[in-house]
Every structure is written in C-alpha cells, then in structure tokens.
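Undergrad: following is a predicted model, sequence given first.
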Amino acid sequence: MRNDTTSPISAHVEMAERFAAHNYAPLPVVIAEGDGAWVTDVTGRRYLDCLAGYSAMNFGHRHPRIVAAAREQLERLTLISRAFHHDQFGPFCAELVDLTRTAGFAGDTMVLPMNTGAEAVETALKVARKWGYERKGVPDGRASVIVASGNFHGRTLTIVSFSDDPDAHDHFGPYTPGFRRVPYGDAAAIEAAIDETTVAVLLEPIQGEAGVIVPPRGYLAEVRRLCTERGVLLLADEIQSGLGRTGTTFACELEGVVPDLLILGKALGGGILPVSAVVGDASVLGVLRPGQHGSTFGGNPLACAVGRAVVDLLRDGTYQARARELGVILHARLRELVGRGLREVRGVGLWAGIDVDPTLGSGRDVCAALADRGVLAKDTHGSTIRLSPPLVVERADLEWAVDQLADVLATARRRGLSAASLSNH
Ligand SMILES: *Cc1c(COP(=O)(O)O)cnc(C)c1O
C-alpha cells in the first residue's frame, strides 16, 4: 500500500489511529465519495466496492431513489418518538409486511422497527423468551435458545455471550446464560438440544461473518419442521443475507422456509442510516405490550421514509434477479480460480466466501493487494475473504474485479503476496 508519510491518506490514517479506539483494523484507504458500486478516495483514486458495507449498501452508494426519499423527509420531519404516531410509520410497517408476503408470511404479520442489527436480534430474543413464558409455559427464568457454532449476530453483551469467536467473546463476561450452541448445518444436533426449556432456535440462513457458509441443502427446511413439531420458534437472522443479496428477497425463500421471527437490518437502511426490524406473526410479536420494549430512534420518520424506498426497490424483483444472474457469473469466474490460488469458493447470489491458499498469505494480504488494484474487499477469518458487491454493480466491473483477484493470486504464486501487493508501484 502507499506509505508516503506526507500523503493525505497517511494524515487521515494517523489521525484515526491517534483519536479513535482501535476496535477495527481498516486498510489504509480513505474514502471521500461514493456513487453506485464505486467509491473515490481523498486523492481522487477510484475503487470498486466489493464489500458494500457488509451488505448495508445492497443498492449501491447514494441510490437516487433512496437519497430522494431521505431528502424529502429531511425537509418535513425527522424524529417525533413513538410517543406519537407519524405519517411514515404505518406505511413503512404495512409495506414491509407486504414484501414478506412473497416469502410466505401470511395472516397477522407485524413489524417492530429498531435501529441496529444487534438491537433487532436482542428484540427477537426478548420476544422469544416472553413468548416461551407466556404462551409455551416455560417456568420463569429458565428459557433457553439454541444457536449455531460460528454465529455472528452482533456485539451486545448477550449476543457475544453465545459467540464462539474468541475475539468477540473473551473477557467480556460475566455472560448472559440461557444459550446452547450446536454445530451449524446439523439439524440432528438441534433436535438433540431441544428440551422443555427451549423457546427458540436462532440461525443465520447463510452465515456471513463466518465466511459465507452455506448449510447443507435441506437444513433450514428440516430445522423449520423440527421447530414446528416441538413448539419452538425459528428466528432467522437475515440482517446480512436478506433484502436481495442471495437472489431472492430473503435467503429463507431458497428453502421455502417461513421463520417465526425474521430479523432484518443493514440494507434496510438504504446505506443512509441504521434501520432494523423484526417481522413476525401477531401470535408471537403480540406478546409485547406497551412499555415492555422500545427505542427512542426505532421507527423514526427519516428511517421509515428510507425503509419505504428500500422496500419499494425490492418490490418488482429487479435487484433480486440481478443478484441471481450476476451471481452465476461471479461464482463461475471464482470457481475457475480454485487450484489457482483459491482453495474453496462458497456462496449464493452476489455473495461469495473465498478461501485463499494459506501458503500464499493471509486474507488481509490479498485484500491489501486488491486495494492496490482498485478493488475493496474484506477478509474475515484467516485466509477467507468475503465478496458482496452492491447489487447495482455492472457485469463488466464485476468481471474486472475477478480479473484483479486472478492477477493478485497469479502474482502471489510466482513471487509471494508482498510482491503482489507492491507490483503496482
Ligand atoms: C451485521 C450483522 C449483525 C449486527 O448488525 P449491526 O447493525 O452491526 O448491529 C447481526 N447479524 C448478522 C447476520 C449480521 O451480519
């Protein structure tokens, strides 16, 4: 990467390192503008954004229809609190419910809007516990929730309590009890873990942070069957997998599964502000009565206006189709690199987890070399990189990004990754 100490890039990086907590280790790229799938740094250099804010930017940077909705709302009303109604709230909830109809939600479906993804996961867990005590008859204080190994559901104390990632988990105790972790992708393990205290199974239909892990075919459908049979709620965390990424509106649709609670976030905020939501039937979400849960900012007018624009973009299936069609191209191109620097390629739609041959270097080394070539991507664990470009990416740009990856891997195989990273300069 560029290490010239007098560059505007190093000035920004140094300021961030001096004054901001080091809870991330960003690549030394300083972005100033974004447009669609492309961003521009403080020196005017352009990059194709193949991370897309961990799928928060599914519709690209500054999508004109989302920006227009936000602008219009900024001129009218931004916050009033849930103490009163406002004119964006009902329409947002109704339109989001309508979007879930395509995924099989029927009956009295309702929405509980929150802000961040972690808050929505916490909301779903609170609802599941309350449902367990009030509807299922679990003795008070004994509810348990089954979660999967390799899970990522956010960063709150309760959520990190059941993470098996040592970085996310360690030294943040004492931990919230009431969670049982079983191997991901193993429905029999869930069946064995269910007992009379089990109120819910919480899963990502495809695990994002773990490296875009797609479970075996039939897994979700089998978990759905088990949950129904044993009277346990299925909570689907679609914060990263939902809203078009996999080529369907929700990843659960890939197996025709309707969860009891659908947890949304990231792209729901249109890349403008945090908007999350829990969607579920009145028989479950209805356990919350006034005063029992809330958020000052959840469901605010600006968030609802932006969320309505996002829902509207997803209505006719155009973006889902793009993710599906471009995803076929992306995966075909990536599979050609297996044995040529990649060990494995996983994923669905415009979402890929790739394992780089660890003898070539770390995922971060590859991401640094990609950034040198104008492609932004993010490593997750070790040698795994996640690719999740905005759904608005052009086919030629997507293929160009894979060309850059192929070039980085080819150079690394000849001369090592440090050479691959420097070869552009
Ligand atoms: C990002 C993410 C979260 C947490 O969302 P935040 O908005 O960062 O709190 C939860 N679950 C999944 C699957 C995610 O990808």
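TA: On my side now, so go ahead.
Undergrad: can you tell me what sits against stretch 317-335?
TA: In this structure, residues lying in contact with stretch 317-335 by C-beta atoms under 8 Å, 6 or more residues apart in numbering are 58-59, 244-249, 313-314, 342, 345, 347-352, 354, 387, 391-393, 395, 398-399, 402, 405. C-beta here means a position set from N, CA and C on the backbone, and glycine is covered the same way.
Undergrad: selection in PyMOL covering whichever of these are buried, please.
TA: The buried residues among the contacts of stretch 317-335 can be selected in PyMOL (16 or more other C-beta atoms under 10 Å) with this line:
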select buried, resi 58+59+244+245+246+247+248+249+313+314+342+345+347+348+349+350+351+352+354+387+391+392+393+398+402+405
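Undergrad: out of the contacts of stretch 317-335, which are inside strands?
TA: With strands taken from DSSP state E, the overlap with those comprises 342, 345, 347, 352, 354, 387.
Undergrad: report the two of these separated the most.
TA: Looking at the ones in strands among the contacts of stretch 317-335 by C-beta to C-beta, the two members farthest from one another are L342 and G347, with 12.4 Å of separation.
Undergrad: for this structure, which residue gets nearest to the ligand?
TA: Nearest to the ligand in the chain, going by C-beta to the nearest ligand atom, is G117, at a distance of 2.2 Å.
Undergrad: what is the burial count for the residue nearest to that residue when sequence neighbours are not counted?
TA: Spatial nearest neighbour of G117, excluding adjacent residues (C-beta to C-beta, 6 or more residues apart in numbering): G265 at 3.4 Å. G265 is surrounded by 28 other residues when neighbours are defined as other C-beta atoms under 10 Å.
Undergrad: my read: L203 touches R224, true?
TA: No. Between L203 and R224 there is no contact, the gap being 10.2 Å when judged by C-beta atoms under 8 Å.
Undergrad: anything in contact with each of the two?
TA: Any residue near both L203 and R224 by C-beta under 8 Å, 6+ apart counts here, and that gives L234.
Undergrad: the two: who's more crowded?
TA: In this view L203 and R224 are compared by other C-beta under 10 Å, and L203 has more residues nearby, 26 against 21.
Undergrad: contact partners for the closest residue to that one other than its chain neighbours?
TA: Counting by C-beta to C-beta, 6+ apart, the nearest residue to L203 once its immediate chain neighbours are dropped is A148, at 5.6 Å. Taking C-beta under 8 Å, 6+ apart, we find A148 in contact with 181-185, 202-204, 207.
Undergrad: can I get those residues in TSV with distance to H171 and pLDDT?
TA: Below are these laid out as TSV (distance: C-beta to C-beta, whole Å; pLDDT from 0 to 100):
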residue	distance to H171	pLDDT
R181	19	98
V182	24	98
P183	25	98
Y184	24	98
G185	29	98
L202	23	99
L203	26	98
E204	25	98
Q207	24	98
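Undergrad: and those residues, which are buried?
TA: Applying a neighbour-count criterion of 16+ other C-beta under 10 Å, the buried members of the contacts of A148 are 181-182, 184-185, 202-204, 207.
Undergrad: show me the two of those that sit farthest apart.
TA: Across those, the two members that end up farthest from each other (C-beta to C-beta) are G185 and L202, 14.7 Å apart.
Undergrad: just to revisit the earlier point, any idea of the pLDDT on the residue of the chain closest to the ligand?
TA: With respect to pLDDT, G117 scores 98.
Undergrad: for the spatially most central residue of the chain, what are its contacts?
TA: What sits nearest the mean C-alpha location of the chain, by C-alpha atoms, centre = their mean, is Q240, with 1.9 Å. With contacts defined as C-beta under 8 Å, 6+ apart, Q240 is in contact with 54-55, 204, 208-209, 266.
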